[in-house]
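> Sequence plus predicted model, see below.
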Amino acid sequence: MKEAVLAVSVDGGVDALREAFERNEGRPNWLHVSHEGIGASDANLMLAARRDLRARALLDEVTNRGFYSFRVEDSVTRLVHEESIRYLWSQVKDGSYAITPDNVVHLLQPAMDAPARKLVVVFSAMGTGMADTSINRYFVHYFKKLQKFIAKDIAVLRIADLGGVKGAFYRDTTFQPRNFERIAGLIDATANELGLDRRQVVLLGGSKGATGALYHGLHGGFPFLSVDPIVSDDFYESTMADAHYTGSDIYPCSKQELTSRLVKEFKVSGKALDEVSRVVLTSSRSPQFPYIEPLLVNELRSDLTFLDATTNRIVDHGSVLTETLHIQTMALNALLFDLGTPTGVLEMP
């Protein structure tokens, strides 16, 4: 008999999980994973996976089966399958967020003055921390008050980053090999609904969201503002003990591989010649710059605008986002008003 909820433990390991699925004669909608004795009593499976190899193997397994943690209680992490997200996520249930038939959660904020002249697509930032098990970690609104800083005839589409452990970075995952395609499909469908072409759609994101804006901007030929994108897995795997959980088979390829591929495809596609401005805002003081420079700057210097924020207030990756809001506002509005931006590297003090 198929049960909607399965309870397993880290002690039983991956084999016990697979056996439980076989006995259940199909996929459950919910999983309860016990990790008692691994870390603090309020630790979740993500934190347990950073201390225990068995927990990490189990986390990888459930992620590759499409389960996402949403709560921890008494050393038990509760997970929901992607197909049941719409029955759990309160903002989806009450209609605050929309969800497509293929499970892309999003929010369309109409232009204050209709009809919309342009559309800004905002990609979600990273969640609040390692202890965050809320499903809302997949939909952290970047530039929350954006519509105060843009013209009233511009609509905003915000897209959640459902996938992986901390987010899919808007790319394919092992569980969802069509994730990139379904995100692109939502952007195209929304633009068509508003009667806009690709030159009238501007992509925006910071950090994880910047990766999404960069990837979909290069692939789709959109104007974009990408703020300190994460284009390689190396820093977070080697320096931060795989804080983004990319060092396993959750993703079919690394970010550095995907970045290189999309850059090469962009260069041969002719999109670089379409007179559309595309901006990467970063900082030579950012720990991401040693990856951005070889993968993006050296490859696309003549095609993109690279803004290098040099203020000494930038001390890490996060402060690139918080200390450059004035530059972001300027660059975004330049894109929205088709002012054009010079290619190459420009220092921004």
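Arrived safely, thanks for sending. Residues are numbered from 1 along each chain as shown.
> Which secondary structure element is home to Val156?
With elements taken from DSSP states H and E, the one containing Val156 is strand 154-159.
> meant to ask about Ala131, not that
Residue-wise, Ala131 maps onto no helix or strand under DSSP H and E.
> How many residues are close by it?
Ala131: 13 surrounding residues under other C-beta atoms under 10 Å. To be clear about C-beta, it is placed using only N, CA and C from the backbone, and glycine gets the same treatment.
> quick revisit: output the contacting helices and strands for the helix or strand just after the strand holding Val156.
Per DSSP H and E, strand 154-159 leads on to helix 179-194 as the next helix or strand towards the C-terminus. In terms of contacts (3 or more C-beta pairs under 8 Å, 6 or more residues apart in numbering; DSSP states H and E), helix 179-194 is packed against strand 118-123, strand 154-159, strand 201-206, helix 208-220.
> Pick the most deeply packed of the ones you listed.
Across these, averaging neighbours per residue (mean count of other C-beta atoms under 10 Å) puts strand 201-206 on top, at a mean of 28.
> average pLDDT across the strand or helix carrying Ala48?
Element membership for Ala48 (DSSP H and E) is helix 45-49. What helix 45-49 shows for mean pLDDT is 93.
> And stretch 222-239, by the same measure?
In this model, stretch 222-239 has an average pLDDT of 97.
> in that stretch, what counts as buried?
222-233, 235-237 (16 or more other C-beta atoms under 10 Å).
> circling back: quick one: list the elements packing against the helix holding Ala48.
Under the contact rule (3+ C-beta pairs under 8 Å, 6+ apart), helix 45-49 is packed against helix 53-64, strand 67-73, strand 76-81.
> Can you list the strands that the second one pairs with?
On the basis of DSSP bridges, the sheet neighbours of strand 67-73 come out as strand 76-81 (antiparallel).
> buried residues in the helix or strand following the partner strand?
The first helix or strand that comes after strand 76-81 along the chain, using DSSP H and E, is helix 85-88. Residues of helix 85-88 classed as buried: 85, 88 (neighbour count, 16+ other C-beta under 10 Å).
> Same question for stretch 242-260.
Using 16+ other C-beta under 10 Å as the test for burial, stretch 242-260 gives 242-248, 250-251, 255, 258-260.
> Show which residues not belonging to it make contact with it.
With contacts defined as C-beta atoms under 8 Å, 6 or more residues apart in numbering, stretch 242-260 is touched by 46, 49-50, 56, 59-60, 63-64, 130, 164-169, 171-175, 177, 211, 214-215, 230-234, 236-237, 291, 295-296.
> Next: stretch 102-117.
82-83, 85-86, 89, 92, 96-100, 138-139, 147, 151-160, 162, 178, 182-183, 185-186, 190, 194-196, 200.
> Just the buried residues of these.
Buried residues within these, counting neighbours by 16+ other C-beta under 10 Å: 82, 85, 89, 92, 97, 99, 138-139, 147, 154-160, 162, 182-183, 186, 190, 194, 196, 200.
> Report the contact partners of the closest residue to Val33 other than its chain neighbours.
Closest residue in space to Val33, ignoring its immediate chain neighbours: Thr77 at 5.0 Å, by C-beta to C-beta, 6 or more residues apart in numbering. Shown in contact with Thr77 (C-beta under 8 Å, 6+ apart): 32-33, 35, 44-46, 48, 69, 71, 133.
> Which residues does Thr77 form beta bridges with?
Under the criterion used (DSSP bridges), Thr77 bridges to Val33, Val72.
> From start to finish, how long is stretch 247-262 in a straight line?
21 Å (C-alpha to C-alpha, to the nearest Å).
> which stretches of the stretch 101-250 of the chain have low pLDDT?
Low-confidence segments of the stretch 101-250 of the chain, defined by pLDDT under 70, span residues 130.
> Send me the helix holding Ala48 as PDB with only the CA atoms.
Provided in PDB are the C-alpha atoms of helix 45-49 (Å, rounded to 0.1, in the frame of the first residue of the first chain):
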ATOM      1  CA  LEU A  45      19.500  17.700   7.600                       C
ATOM      2  CA  MET A  46      21.500  20.300   5.700                       C
ATOM      3  CA  LEU A  47      23.600  21.000   8.800                       C
ATOM      4  CA  ALA A  48      23.900  17.300   9.600                       C
ATOM      5  CA  ALA A  49      25.200  16.700   6.100                       C
END
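> Go ahead and measure how far it is from the middle of the chain.
Counting by C-alpha atoms, centre = their mean, to the nearest Å, helix 45-49 is centred 20 Å from the centre of its parent chain.
> For it, which outside residues touch it?
Contacts of helix 45-49 (C-beta under 8 Å, 6+ apart): 10, 33, 35, 38-40, 55-56, 58-59, 69, 72, 77, 79, 130-131, 133, 165-166, 245.
> now, which of the buried residues of stretch 222-239 lie within helices?
Within those, residues falling in helices by DSSP state H are 235-237.
> between those residues, which is closest to Ser207?
Comparing these against Ser207 with C-beta to C-beta places Tyr236 closest, at 11.1 Å.
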